[in-house]
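>>> Below are the sequence and a predicted model for it; my questions follow.
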Amino acid sequence: MLAPLGRMLKSTLMVIGACRLHLHLPGCASLKEKRALLKPLLARLHREFNIAAAEVEHQDVWRSAGLAIVTVTGAGGNVEAQLERIVRWIEHNRPEVEVVDAQFELR
């Protein structure tokens, strides 16, 4: 028999980390170009870092994107360091994308 959800969550320690990124995409001249740039980026972030990532803001703006990145770990993991690594990875490996702002939240 499964334990009630409330009892299970009390005994499980976890840390949830979220990062909201504001990106500038200077080379995009259409929404189609923007999607062609963001889709592989989001897929690669998922593969490289085992995180969830999605565009959550500025969907109708060609040269801006608002991404949300979320990760979960046990109490011993360092979520903030992982999120900072992801931002540095984007800055280093994606020269066509400029990180304008990164905001972190831990719970």
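Done, it's in.
>>> how close does the closest residue to L41 other than its chain neighbours get to T73?
In this structure, L41 finds its nearest non-sequential neighbour in R94, 6.3 Å apart by CB to CB, 6 or more residues apart in numbering. Every C-beta, even on glycine, is put in place using the N, C-alpha and C of the backbone. R94 sits 24 Å away from T73, going by CB to CB, to the nearest Å.
>>> The residue nearest the centre of the chain sits in which helix or strand?
Nearest to the mean C-alpha position of the chain, counting by CA atoms, centre = their mean, stands I69 at 1.8 Å. Using DSSP states H and E, I69 sits within strand 64-74.
>>> now R47
helix 31-49.
>>> Would you mind confirming that L38 is in contact with A65?
Yes - the pair L38 and A65 qualifies as a contact (CB atoms under 8 Å) at a distance of 6.0 Å.
>>> what's the overlap in contacts for those two?
E55 (CB atoms under 8 Å, 6 or more residues apart in numbering).
>>> Settle it for me: which of these two has more neighbours?
Using other CB atoms under 10 Å as the criterion, L38 and A65 rank with A65 on top: 25 against 20.
>>> what's across from the more buried one in the sheet?
L23 (DSSP bridges).
>>> Give me the distance between it and A18.
Between A65 and A18 the computed distance is 16 Å (CB to CB).
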